[in-house]
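Engineer: Sequence and predicted structure below; questions after.
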Amino acid sequence: MRAEREVLVSDAGGNESVLGRLLEEISWEGSSVRRYRDGGRGLENVLSAEVLAALDFLPRTFLGAVVGNAHGADGVRGVLAREVEEAKLSFLPDEFVLNPDGRSRGEQLIVQFDASVATSWCYAIAR
């Protein structure tokens, strides 16, 4: 059985579901929102939402295998694969500021990613 865990949440705007975060993102599209007709086929955020929502329904060992077979950041992938049962997935999380002491947004080095996976020992992002 799965250990109790938080799944697919974000601190942004009170939307704590994949669908809520996706709708919040779409709300910024303005007149180009028509691109989302027919299910938003081909749009990156829609695909990311579908994949992350599906991962919630699969056993966490599956996510661990996906992470274990990915490439890059070997140390983080190893820790994440071992701690996958406690992992917290976030869809379209808030901006991540690499240099909070920067005077301008450019100096702050702000990163916006599609998803994050966090455990007590590691933090991984997906773009």
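Structural biologist: It's in.

Engineer: what about the residue of the chain positioned farthest from its centre, which SS state?
Structural biologist: When each C-alpha in the chain is compared with the mean C-alpha position (CA atoms, centre = their mean), Arg103 comes out farthest, at 27.4 Å. Of the three states, Arg103 takes coil according to DSSP: H, G, I helix; E, B strand; the rest coil.

Engineer: Now it, what are its backbone angles?
Structural biologist: Reported as degrees, to the nearest 10, the phi and psi values for Arg103 are phi -80, psi -30.

Engineer: do the same with Phe91
Structural biologist: Phe91 adopts backbone torsions of phi -100, psi 130, taken as degrees, to the nearest 10.

Engineer: which residues sit in contact with it?
Structural biologist: If you count contacts by CB atoms under 8 Å, 6 or more residues apart in numbering, Phe91 has them with 8, 10, 18, 21-22, 48-49, 52, 114-115. All C-beta spots, glycine's among them, are computed from the backbone N, C-alpha and C.

Engineer: mind saving the C-alpha coords of the lengthiest helix in the chain as CSV?
Structural biologist: Counting by DSSP state H, the longest helix found in the chain is helix 44-57. Output of helix 44-57 as CSV, limited to C-alpha atoms (Å, rounded to 0.1, in the frame of the first residue of the first chain):
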residue,chain,number,x,y,z
GLU,A,44,3.0,21.5,-23.5
ASN,A,45,1.1,22.2,-20.3
VAL,A,46,-1.8,20.0,-21.3
LEU,A,47,0.6,17.1,-22.0
SER,A,48,2.4,17.7,-18.7
ALA,A,49,-0.8,17.7,-16.8
GLU,A,50,-2.0,14.4,-18.4
VAL,A,51,1.3,12.7,-17.6
LEU,A,52,1.5,13.9,-14.0
ALA,A,53,-2.1,13.0,-13.3
ALA,A,54,-1.5,9.5,-14.7
LEU,A,55,1.5,9.1,-12.5
ASP,A,56,-0.7,9.6,-9.4
PHE,A,57,-2.8,6.5,-10.3
